[in-house]
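Engineer: Quick one, structure for this:
(chains A, B and C)
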Amino acid sequence: MKALPRSFYERDPATVARELLGKMLVRRLASQILSGKIVETEAYYGENDPASKAYKGRKNFNEPMFCEAGRTFIYMVHGNWLLNIVAHPKGEVGAVLIRSLEPLQGVEVMKKNRKTENIKALTSGPGKLTKALAITKELNSVDVTDSNSDLIIVENIEGESFDVCTSRRIGVKADLPRDLRFYIKGNIFVSKP
DNA sequence: AGGAAGATCTACT
DNA sequence: GTAGATCTTCCTA
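Structural biologist: Okay, here's the model as predicted:
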């Protein structure tokens, strides 16, 4: 299992968000592996983006966004942990929010974590997928390019193709006049078609 | 101390 | 399908 290189994340957040679609997110637990295909993402910038956590400058909790690309940035909103991957060209600030996954390995564990038998409800939303994969603040700032990490992102199984759709970001109070949300067309695990 | 935040679940009109 | 309560941290006063 080979993680994507750091250079993948050292580009414009929107580009990274677009290209993360179809990649595999792998969560390594003590006894098992949980994984899912990334089907929905959103890009966030730094000081020029009013919706970004980094908008009001560097704080303790958003520290990772200002650091090396290719790490996680996890924070709590409305009682849910949300998973971001730090992504930006060197010297800039930005991150990509993982909004939903398609479950691949460890579905039974995910069902237990989510307390539901409904496959469609397992990972079809940013707060849901973190519960399903047992992602909490403990995984904040983990390096997803290091194959030894408990959370990594790897290249997709080859040969799969799909159409990409874009839209405005979801749930954002003050959005930029751009489409910064990307998702796989027709995938049932996308939170909002 | 108080309120806002990238959301989710439930229960209804 | 929409509306409301409630989820848990971190920020600002």
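Engineer: just the strands in chain A please.
Structural biologist: Here chain A has its strands, by DSSP state E, at A:24-28, A:33-45, A:72-77, A:80-86, A:94-105, A:151-154, A:164-167, A:181-184.
Engineer: For the residue most central in space within chain A, which non-adjacent residue is spatially closest?
Structural biologist: In chain A, the residue lying closest to the centroid (CA atoms, centre = their mean) is A:Ile98, at 2.3 Å. Excluding the flanking residues, the one nearest A:Ile98 by CB to CB, 6 or more residues apart in numbering is A:Leu83, at 4.8 Å. Heads up, the C-betas are built off the backbone N, CA and C, glycines and all.
Engineer: picking up where we left off before, the residue nearest to the centre of chain A is in contact with A:Ile38, isn't it?
Structural biologist: Yes: if you go by CB atoms under 8 Å, A:Ile98 and A:Ile38 touch, sitting 6.1 Å apart.
Engineer: what do those two both touch?
Structural biologist: Applying CB atoms under 8 Å, 6 or more residues apart in numbering, one finds that A:Ile98 and A:Ile38 are jointly contacted by A:Leu20, A:Leu25.
Engineer: out of everything not next to it in sequence, what's closest to the residue in chain A that DNA strand C sits nearest to?
Structural biologist: Across chain A, no residue is closer to DNA strand C than A:Gly79, which sits at 2.2 Å (CB to the nearest atom of the strand). Distances taken as CB to CB, 6+ apart put A:Gly127 closest to A:Gly79, at 7.7 Å, once the chain neighbours are dropped.
Engineer: Mind listing the residues bridging to the residue nearest to the centre of chain A?
Structural biologist: Beta bridges link A:Ile98 to A:Thr41 when assigned by DSSP bridges.
Engineer: residues in contact with it?
Structural biologist: Taking CB under 8 Å, 6+ apart, one finds A:Leu20, A:Leu25, A:Ile38, A:Glu40, A:Thr41, A:Leu83, A:Asn84, A:Ile85, A:Pro126, A:Leu129 in contact with A:Ile98.
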